[in-house]
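[1] Next comes the sequence, and after it the predicted model I'd like to discuss.
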Amino acid sequence: MGKDYYKTLGLAKGASEEDIKKAYRKQALKFHPDKNKDPGAEERFKEIAEAYDVLSDPKKREIFDRYGEEGSPGGGGGCGSNGPSFSYSFHGDPHAMFAEFFGGRNPFDNFFVRNEEDMDTEDPFSGYGMGGMGGFGPIGGGGFPRGPPGRGQPMNRKQDPPVIRELPVSLEEVFSGCTKKMKISHKRLGPDRRNIHNEDKILTIQVKKGWKEGTKITFPKEGDETPSNIPADIVFVLKDKPHSVYKRDSSNVVYTAKISLREALCGCSINVPTLDGRTIPLVIRDVINPGTKRRIHGEGLPLPKAPDQRGDLIVDFDIRFPDRISATARETLERVLPA
């Protein structure tokens, strides 16, 4: 009697693709030998993998639905008195299939990324997982396409999508350049290329002078590794932190000077702070209209492609109008100001 893969997964014939996935997830978690120590759990785990291997593949499932697992006696793919016969043997690794199904993430453990006290205090990660069900190998001679390769067999692996996270930096760090160190924990395969373990690693990011927001720093293949995938690249994307004094405009920085209406009309002298801790006196004798700007050349951020050159420091003005004025002052203003 041939095997009944639907019965193995606790399903009825005609089950949907989603039902098959749910059934495999439930049964595989229940009989995984790392968690289930009952005698026969390992064999049951393999049977569940074989059933899922067949029912999750449309071509295999179609053949199974028509002819069963063994078909008519004799096997070998020939034609007997009862019609075509097909035989199928599962050659995959049920543990690799389990890891592949869960995308390399151990469902009994959590992936985590963290910073230590001597590392950067901003944690750009909130955790990530990779993987997904990959493709199967070529069609075998027994009628069914073969399942996922086992140990020692080649596998058509695909790389997981990049893991992208922001890397917050201050304007001072962009001005001077800095080094960021992040400690991550990613999953790696053991020497047997089957068992998965957590491995800590420090990623060092050299932030160059003048780098613009949106600059990407890529660490190839530092994501989770499983028997069935190529680890994802980890990509950091530079993100400017809000600044209490300046706003960034490409390689320029904008400083807003708050002045009174009197200073705007009569002229003023202000001290403009720079990113490197100096102050530059700026004397203005003209009337400062709303929207007026003054540019101090070469006091902005380094240019990313020519860090020995710098952008400009742009001074914007916030003119403070009085809430009220006296009758005498109003009369004076009406007399001296142009209509």
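    Received, thanks. Numbers count the residues shown, from 1 in each chain.
[2] so Asn229 makes contact with Arg157?
    Yes: in this structure, Asn229 is within contact of Arg157 by C-beta atoms under 8 Å, at 5.9 Å. Where you see a C-beta, it was placed from the backbone N, CA and C, and this is true even at glycine.
[3] Compare these two (neighbour count), which wins?
    More neighbours surround Asn229 than the other of Asn229 and Arg157, with 22 against 15 (other C-beta atoms under 10 Å).
[4] can you map out the helices along this protein?
    Taking DSSP state H as the test, the helices found in the chain are 5-8, 17-31, 41-55, 58-67, 94-101, 171-176, 261-266, 327-336.
[5] Out of these, flag the one nearest Asp318.
    Asp318 sits nearest to helix 261-266 of all the helices of the chain, at 9.9 Å, using C-beta to C-beta.
[6] what's next to that closest one, contact-wise?
    Helix 261-266 is contacted from outside by Val287, Ile288, Asn289, Phe317, Ile319, Arg320, Phe321, Pro322, using C-beta atoms under 8 Å, 6 or more residues apart in numbering.
[7] Just the buried residues of these.
    Ile288, Phe317, Ile319 (16 or more other C-beta atoms under 10 Å).
[8] and the last one, what are its bridge partners?
    Meaning Ile319. Beta-bridge partners for Ile319, by DSSP bridges, are Ile259.
[9] State the distance from it to Ala257.
    Going from Ile319 to Ala257 by C-beta to C-beta, to the nearest Å gives 10 Å.
[10] and what of the first one?
    Here the distance between Ile288 and Ala257 works out to 9 Å (C-beta to C-beta).
[11] intersection of neighbour lists for those two?
    Common neighbours of Ile288 and Ala257 (C-beta under 8 Å, 6+ apart) are Phe317.
[12] Report how many residues lie close to the residue nearest to Asn195 when sequence neighbours are not counted.
    Distances taken as C-beta to C-beta, 6 or more residues apart in numbering place Leu189 nearest to Asn195, at 7.1 Å, with adjacent residues excluded. As a burial measure, Leu189 scores 18 neighbours (other C-beta under 10 Å).
[13] and Val283, what is it in contact with?
    Applying C-beta under 8 Å, 6+ apart, the residues near Val283 are Gly267, Cys268, Ser269.
[14] So which of those sit within strands?
    For the contacts of Val283, membership in strands holds for Cys268, Ser269, with DSSP state E as the criterion.
[15] Among the contacts of Val283, name the buried ones.
    Among those, those scoring as buried are Cys268 (criterion: 16+ other C-beta under 10 Å).
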